[in-house]
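Asker: The sequence and its predicted three-dimensional model are supplied below.
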Amino acid sequence: MKISVIMLTYNRENFISEAIESILNQTERDYEFIIVNNGSADKGGEIAEKYAKLDNRIKVIHIPKSSIGKGRNTGLNLAKGSFITFVDDDDIAEPDMLEFLYNLAVENNADISICGSSKKVEGEIFPNCLFDEHLEMTPSEAVIELLKRKKINAAMPTKMIKKHLFDIIRFNETGKYDDISATYKYMANARKVVANGLPKYCFIRHEQNNSSFTTNDMLLTPEQLDEYFSAFRERTVYLSEILPDISEYAQYSEWSYMISMCNKIIKNNLTNCSKQLEHVIKELTRHYDEFYYGKYIEEFEKEYMNLYIRVLK
């Protein structure tokens, strides 16, 4: 079997039908579709079962409510495809996404293929990660593009990954935002990563999104920030060991996130995140010279440092 498509679903009865149909309408037909119902309290699991009766490529597994990581690992345990891709239960795949990603990987002898994406917000379509180039990347080059967060994002959708990488690396089962602690590891351990920026996937943004804070700063929470800070600290250490040639950029990326969050917390007066703000100020003060005079820092980050950190230094 060429491809295993894995979808984790939880309380998405208003979205899941369109998401499932976008996979069933794919031009590529050689795939299995594993849907893991993560303890839904609505009719999402029932809807998935109805589709399974109509198409024998669909397998539905019901598990008690758990983390995203555990749900995805459950799907991986059943996957038989040579390549694996994840889709979310509230997003839409273009009809040729699977064919596009599979051919992109095979024709370029790559372990990971990546496509561009768009996002739909309140009915309007916006570019998300779109670019014109065809990129063939080493692990170091791919991780740097990921850390830049312009052409490649950390979300598992839009990526097709050879199964053997999942035999090495599985998702963290304790966190809420598993992509940030896993995606870079797959790229760091790949032989080759290829990307083409044509949009083949659409992220649907709504208030119930797990990542809704990415479009509304007021939704940032202490718990979310703590998990990100911890994951990015681990990421810096991991990449410095696996890909020492990009260790400086990995460290810069961690500090870059910190100063960005510092700006958001202060600008939006997020008093509930005062402890996280204190952590950021302490770390950036301690590493002020390394970050401020480093070769990767951007001008707007220097402005934030002057505004929020230098005064306190």
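Answerer: That came through, no problem. Numbers count the residues shown, from 1 in each chain.
Asker: Where does residue 36 sit: helix, strand or coil?
Answerer: In three-state terms, and counting by DSSP: H, G, I helix; E, B strand; the rest coil, residue 36 is strand.
Asker: quick one: it and residue 76 touch, right?
Answerer: No - Residue 36 lies out of contact with residue 76 (Cβ atoms under 8 Å); the separation is 9.7 Å. Heads up, the C-betas are built off the backbone N, CA and C, glycines and all.
Asker: who's more crowded, those two?
Answerer: In this view residue 36 and residue 76 are compared by other Cβ atoms under 10 Å, and residue 36 has more residues nearby, 29 against 19.
Asker: ok, the more buried one - contacts?
Answerer: Residues near residue 36 by Cβ atoms under 8 Å, 6 or more residues apart in numbering: 6-9, 61, 63, 71-72, 74-75.
Asker: Filter the residues you listed down to the buried ones, ChimeraX style.
Answerer: In ChimeraX, this line selects whichever of the contacts of residue 36 come out buried by 16 or more other Cβ atoms under 10 Å:
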select :6,7,8,9,61,71,72,74,75
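Asker: Among the contacts of residue 36, which one lies nearest to residue 168?
Answerer: residue 72 (15.2 Å; Cβ to Cβ).
Asker: Retrieve the pLDDT associated with residue 205.
Answerer: On pLDDT, residue 205 comes in at 83.
Asker: Go ahead and confirm it touches residue 123.
Answerer: No - between residue 205 and residue 123 there is no contact under Cβ under 8 Å: 10.5 Å.
Asker: of those two, who's got more company?
Answerer: Between residue 205 and residue 123, counted using other Cβ under 10 Å, residue 205 has the larger neighbour count: 21 against 5.
Asker: Is the more buried one bridged to anything, and to what?
Answerer: residue 121 (DSSP bridges).
Asker: From residue 294, how far off is it?
Answerer: 33 Å (Cβ to Cβ, to the nearest Å).
Asker: same thing with residue 105?
Answerer: 35 Å.
Asker: repeat for residue 216
Answerer: 30 Å.
Asker: who's more crowded, those two?
Answerer: More neighbours surround residue 294 than the other of residue 216 and residue 294, with 16 against 12 (other Cβ under 10 Å).
Asker: coming back round to it: in strands, which of the contacts of residue 36 fall?
Answerer: 6-9, 61, 63 (DSSP state E).
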